[in-house]
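Participant: My questions concern the predicted model and sequence given below.
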Amino acid sequence: MYINFWYPIAAADDVREDKPLRMEVMGLRYVAFRDDKGTARVLRDVCVHRGGSLGKGWVRDGQVVCPYHGWQFGGDGKCTKIPTLPADKPPARAKVDSYPTTERYGIVFAFLGDLPEAERPPKPEIPEWDQAGWRANSLTVFEVGAFYERSMENGLDPSHNEFVHPAQGSPNMNQDLRRKPLDVQDVPWGSKFLVRFENEEKGTEALGEKSTLVPEVEAGSGHIGPNSMITWINFSETNRFSQYFFEAPVNESRTRIFFVNMRAFLLEPENDERIAKVNLIVAKEDIEILEELDPIRTPDSTTKEVLVPSDGAVLRYREWLKKWDDNGWRIDLKEMRDKQGDVAYAIPCPERRTSGNWVLDPVPLLPPQG
Ligand code: FES
Ligand SMILES: [Fe+2]
């Protein structure tokens, strides 16, 4: 798990002006609420007084109030009121980490890291969102009892479809391509590939209906950063799906996925439900497999697995992760596990680069391996 990327925090509708929302991301709790301008704010859910959960409190005047002794914090994380202090200003140390947010596609994302704006990875993008001829299904949020990198790698694996996805007609990779290394291409902050799938017998069951069966499909996927995955399914030039999976590691063995399905055909709204239903069946087929993987987290060394050419995109994904290891952005999970219950950590927010005096320890990071 990595600091310095954009993570999906909540469905935008669930982030409110009248009530804080709590959630866990990468093993740490956060609180989300809207300030008096309606802007979504995301803070570490630990009150620096004596450890209260801000998310169990309430929102007053666009600020969050701790339920334990009523300390009040603004969207910037600074304490504005301490009921047991006279009218004086709260001390400078009374502040919690507050993270940059962006709201798009019905999702509130937070940048969990301390990089200044100019150095950050790009905000999550769905280029089809505003394009004519495309339609989005409403946002689907679901959880998987698996480590997020396992989930990402599953999305980057073209050879599982034949075995895992009868709901899609068990598409098998083209016979010539399946034994060759995947043609994986780099994009900014990630990589992608496209291959051909065929199904001589049944055709690929695009939407669970005979009328949509096609004998050949071009499909593939890609990742941006460690936790955004895109799947492209091109039944033809015009009949296309682009599926966006924004993944939030909840902890070391659980992932929350924010899924947006874009389509360039069957544009009538009455198709939404049918498409959502098929997508859900397909997701369940993946979840069945993912929740049983052993070990839960990807092994540190490829000697603990037998990788073959069709795992090329998985390997490329791991090479990208390695680059972010080399930036020193990887959280030291063992150290965090070790201190669990003794230390409340925070992913350092950008403000920590310009001001000192922070109460919570920054999360332990693995030093770059060089
Ligand atoms: S712990 Fe939050 S106000 Fe005391
Ligand atoms: Fe799958």
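Facilitator: Perfect, thanks for sending it. Residues are numbered from 1 along each chain as shown. Ligands and ions are numbered 1, 2, ... in the order given.

Participant: Report the contact partners of residue 279.
Facilitator: Neighbouring residues of residue 279 by CB atoms under 8 Å, 6 or more residues apart in numbering: 137, 140, 243, 259, 261. For every residue, glycine as well, the C-beta is placed using N, CA and C.

Participant: mind checking how far residue 53 is from ligand 1?
Facilitator: Taking CB to the nearest ligand atom, to the nearest Å as the measure, residue 53 falls 8 Å from ligand 1.

Participant: Next, count neighbours for that residue.
Facilitator: For residue 53, the count of nearby residues is 16 (other CB atoms under 10 Å).

Participant: which one is it nearest to, not counting chain neighbours?
Facilitator: Leaving aside its sequence neighbours, residue 53 sits nearest to residue 45 (CB to CB, 6 or more residues apart in numbering; 5.5 Å).

Participant: need the contacts of residue 279 in a markdown table with secondary structure, neighbour count and distance to residue 24, can you?
Facilitator: As requested, the contacts of residue 279 are exported to a markdown table (DSSP: H, G, I helix; E, B strand; the rest coil; neighbours: other CB atoms under 10 Å; distance: CB to CB, whole Å):
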| residue | secondary structure | neighbour count | distance to residue 24 |
| --- | --- | --- | --- |
| 137 | coil | 19 | 26 |
| 140 | strand | 16 | 20 |
| 243 | strand | 19 | 25 |
| 259 | strand | 20 | 19 |
| 261 | strand | 21 | 26 |
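
Participant: hmm, which two among those are most spread apart?
Facilitator: Greatest spacing in those, by CB to CB: 140 and 243 (10.3 Å).

Participant: What separation do you get for the residue of the chain most remote from its centre and ligand 1?
Facilitator: Going by CA atoms, centre = their mean, the residue of the chain most distant from its centre is residue 86, 43.1 Å out. Using CB to the nearest ligand atom, one obtains 16 Å as the distance from residue 86 to ligand 1.

Participant: so that residue, which of the three states?
Facilitator: Secondary structure for residue 86, judged by DSSP: H, G, I helix; E, B strand; the rest coil, is coil.

Participant: for the one 4 residues further on, same thing?
Facilitator: Local secondary structure at residue 90 is given as coil here, using three-state DSSP.

Participant: Report the contact partners of the residue nearest to it when sequence neighbours are not counted.
Facilitator: Computed as CB to CB, 6+ apart, the closest residue to residue 90 that is not its neighbour in sequence is residue 79, at 4.2 Å. With contact taken as CB under 8 Å, 6+ apart, residue 79 is in contact with 48, 71-73, 90, 94-95.

Participant: Can you show me the helices along this protein?
Facilitator: 148-155, 161-164, 272-290, 312-326, 333-338 (DSSP state H).

Participant: of all these, which lies closest to ligand 1?
Facilitator: Minimum separation from ligand 1 across the helices of the chain (CB to the nearest ligand atom) falls at helix 333-338, 22.3 Å.

Participant: Report the buried residues of the closest one.
Facilitator: For helix 333-338, a neighbour-count test (16 or more other CB atoms under 10 Å) marks 333, 336 as buried.

Participant: 748 is where my numbering starts, stick with that
Facilitator: Sure thing, new numbering starts at 748, so read that last one as helix 1080-1085.

Participant: Name the residue of the stretch 848-997 of the chain that lies nearest to ligand 1.
Facilitator: Per CB to the nearest ligand atom, residue 857 is where the stretch 848-997 of the chain lies closest to ligand 1, at 21.4 Å.

Participant: Residue 945: neighbouring residues, count only.
Facilitator: With other CB under 10 Å as criterion, residue 945 counts 17.
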